[in-house]
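Engineer: With the sequence up front, the predicted model follows.
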Amino acid sequence: MRRQIWAAIVVASLGWGTGGVATRVALDEGVEPYTLAAYRTAIAAAAVVAYLLLRGRALPRDRLVWRVGSVMGFFNLAAPFVLFTLGYQYASAGFIGLLAALIPLATALLAHLLLPDERLTAGRVAGLAVALGGVAVLLASGDSGLAEGGRPLLAFGLGVGAVLAIAYAGIYAKRYAGRYEPLEVSTVQFTVGTLLLVVAMTITEGAPVNQTAYAWSMLGYMALASTFVPFAVFYWLLRRVSATFASVIGYVVPLVAVLAGWLLLDERLEPGILIGGALILVGVLITDRVEGRAAHRPPVVAASPAATRPAAPTTRDGGSSPEA
């Protein structure tokens, strides 16, 4: 089971980590930012609906699915994109991108406050601290990540807002884990997110223009490999591990993004980046060891039935849960 969990983390990290390279290429092809996000989520939503229909499944009707999916559509898609996009106006892309590494820390803190069975422990704090130290090394190596003439404090504030939105979304989804089908929630999430982003696109950029074939290929990659698959895998993880551990993907994604930029965009790989990446991996491994020990302890009895619901089995529930 641990191998499946780590395989899921690798798949999600590769998808989200390489999404930045595809985004940069699409922007260079002339795709506007809000148009990019709207198309990306729209294609992902279409892929989820098509998958459901091909498997003979009806579209989601359950109120809980729509409630969780709508919350995720706003907090895990629309809001973070808008806040990160605004942040790009005041700081470099590298600075904004590396803020994703704050997601595990924010998730751990919110989980400590909102989930009775996910209290902060010394081991978790140590793992998160080591990984965050690796991110600090990444920021200190070469480019600081701040754009000349920018407003880094304002960009940081916008980025933290996006990070908190994503962390809250993970906690909210974990609270109801086991009571919804991940693929159905993904359908609602992408649908609601698409509607919100289309409205934002129309207000800020107007009607979209025709795109090149290369741009469409990048949009397709982002929709499927960097959106649909990672989100489906993330929901699968939430049913088997804690929200805090699932969020360590946020530590690996910056490392994948740096390596992808080096391999695909000819960006320089400095020694500090190697050291920072090693610290990130060490922090993830420490967190994994703490999670592994916690999995063998008796469950904590909580007042909320949703918080104490047992984890879903490793096999599919009625053949409906996506496998990593």
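Structural biologist: The structure has been received and is ready for your questions. Numbers count the residues shown, from 1 in each chain.

Engineer: chain center to stretch 124-138, what's the gap?
Structural biologist: How far stretch 124-138 lies from its chain's middle: 18 Å, per C-alpha atoms, centre = their mean, to the nearest Å.

Engineer: List the buried residues of that stretch.
Structural biologist: By 16 or more other C-beta atoms under 10 Å, the buried positions in stretch 124-138 come out as 124, 127-128, 130-132, 134-135, 137-138. C-betas here are computed from N, CA, C, even on glycine.

Engineer: Please flag which of the residues you listed sit within strands.
Structural biologist: Among the buried residues of stretch 124-138, no residue falls in strands (DSSP state E).

Engineer: Can you pull out the low-pLDDT segments for the stretch 201-324 of the chain?
Structural biologist: The model of the stretch 201-324 of the chain has pLDDT under 70 over residues 243-244, 247, 250, 265-270, 273, 281, 284, 287-324.

Engineer: the strands in it, which residues?
Structural biologist: Applying DSSP state E, counting those that start in this stretch to the stretch 201-324 of the chain gives no strands.

Engineer: Can you tell me how far Leu259 is from Val253?
Structural biologist: 11 Å (C-beta to C-beta, to the nearest Å).

Engineer: Who has more neighbours out of these two?
Structural biologist: Taking other C-beta atoms under 10 Å, Leu259 and Val253 do not tie; Val253 has more neighbours (26 against 16).

Engineer: can you tell me which residues contact the more buried one?
Structural biologist: 13, 16-17, 100-101 (C-beta atoms under 8 Å, 6 or more residues apart in numbering).

Engineer: that older thread, touching both of Leu259 and Val253, which residues are there?
Structural biologist: Between them, Leu259 and Val253 share the contacting residues Gly17, judged by C-beta under 8 Å, 6+ apart.

Engineer: quick one on the thing from earlier: and of the buried residues of stretch 124-138, the nearest to Val25?
Structural biologist: Leu138 (22.3 Å; C-beta to C-beta).

Engineer: any idea of the pLDDT on the closest one?
Structural biologist: Per-residue confidence (pLDDT) for Leu138: 68.

Engineer: swap in Leu99?
Structural biologist: 73.

Engineer: Can I get stretch 213-229 in PDB, CA atoms only?
Structural biologist: What follows is stretch 213-229 as a C-alpha-only set of coordinates in PDB (Å, rounded to 0.1, in the frame of the first residue of the first chain):
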ATOM      1  CA  ALA A 213      -2.200  24.100 -32.800                       C
ATOM      2  CA  TYR A 214       0.900  24.100 -30.600                       C
ATOM      3  CA  ALA A 215      -1.000  26.200 -28.000                       C
ATOM      4  CA  TRP A 216      -3.900  23.700 -28.100                       C
ATOM      5  CA  SER A 217      -1.500  20.800 -27.500                       C
ATOM      6  CA  MET A 218      -0.200  22.600 -24.400                       C
ATOM      7  CA  LEU A 219      -3.700  23.300 -23.200                       C
ATOM      8  CA  GLY A 220      -4.600  19.700 -23.600                       C
ATOM      9  CA  TYR A 221      -1.500  18.600 -21.700                       C
ATOM     10  CA  MET A 222      -2.300  21.000 -18.900                       C
ATOM     11  CA  ALA A 223      -5.900  19.900 -18.800                       C
ATOM     12  CA  LEU A 224      -5.200  16.200 -18.600                       C
ATOM     13  CA  ALA A 225      -1.700  15.500 -17.300                       C
ATOM     14  CA  SER A 226      -1.500  18.600 -15.100                       C
ATOM     15  CA  THR A 227      -5.100  19.000 -13.900                       C
ATOM     16  CA  PHE A 228      -7.400  16.000 -14.300                       C
ATOM     17  CA  VAL A 229      -5.000  13.300 -13.300                       C
END
